[in-house]
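Undergrad: need a structure here:
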Amino acid sequence: QVQLVESGGGLVQTGGSLRLSCVASDRIFTTGWFRQAPGNAREFVSYITYAGDPRYSDSVKGRFTISRDNAKNTVWLQMDSLKPADTGVYYCAAVARHLVAPTTDSSRYDYWGQGTQVTVSE
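TA: I've put the predicted structure just below:
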């Protein structure tokens, strides 16, 4: 069982930036970030394949950047130009097998972190 640990969340003003980190206990393949606001369903934010190919939701495209260092089993999410609508708990998730088609479907991810809170004030 691979363990994922997120960090980097916090409170920031509108327009500010945060950088989330996800450190895995072992090698991970396609890795995604999802978020959940109170009363809302968990939603896809971004993923990155093992080869480094990213995908973003329309709501964060152009503002967030996902990256990874496979040697460090680490994935980052750089979040710029933050808005109050970005507020929520951000979860890192990873798939267990290589060459599985990347997906925005959270049910297809095998490992999840505990989440880190991001709050963007007006």
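
Undergrad: Let me see the contact set for the spatially most central residue of the chain.
TA: The centroid of the chain falls nearest to Trp33 when counting by CA atoms, centre = their mean (2.2 Å). Taking CB atoms under 8 Å, 6 or more residues apart in numbering as the criterion, Trp33 is in contact with 20, 22, 45-47, 66, 75, 77, 90-93. C-beta: built from backbone N, CA, C; applies to glycine.

Undergrad: Now it. Nearest residue, chain neighbours left out?
TA: Nearest in space to Trp33, with sequence neighbours left out and distances taken as CB to CB, 6 or more residues apart in numbering, is Val45 at 4.3 Å.

Undergrad: Near the one you found, how many other residues are there?
TA: Neighbour count for Val45, taken as other CB atoms under 10 Å: 24.

Undergrad: same question, Gly15
TA: By the measure other CB under 10 Å, the count of residues near Gly15 is 10.

Undergrad: doesn't Pro84 make contact with it?
TA: No. If you go by CB atoms under 8 Å, Gly15 and Pro84 don't touch, sitting 10.6 Å apart.

Undergrad: among the contacts of Trp33, which are in helices?
TA: The subset of the contacts of Trp33 located in helices under the criterion DSSP state H is empty.

Undergrad: hmm, back to that, so what pLDDT did the residue nearest to the centre of the chain get?
TA: You'll see Trp33 listed with a pLDDT of 98.

Undergrad: Number the chain from 761, please
TA: With 761 as the first residue, the last one maps to Trp793.

Undergrad: Mind listing what's buried along stretch 859-879?
TA: By neighbour count on 16 or more other CB atoms under 10 Å, the buried set for stretch 859-879 is 862, 866, 869, 871-873, 875-876, 878.

Undergrad: Okay, now the unreliable bits of this protein?
TA: Residues of the chain meeting the criterion pLDDT under 70: none.

Undergrad: in it, which spans are strands?
TA: 764-767, 770-773, 778-784, 791-796, 803-808, 814-816, 824-829, 834-839, 848-854, 871-872, 876-881 (DSSP state E).

Undergrad: on contacts alone, who are the packing partners of the shortest one?
TA: This means strand 871-872. strand 848-854 (3 or more CB pairs under 8 Å, 6 or more residues apart in numbering; DSSP states H and E).
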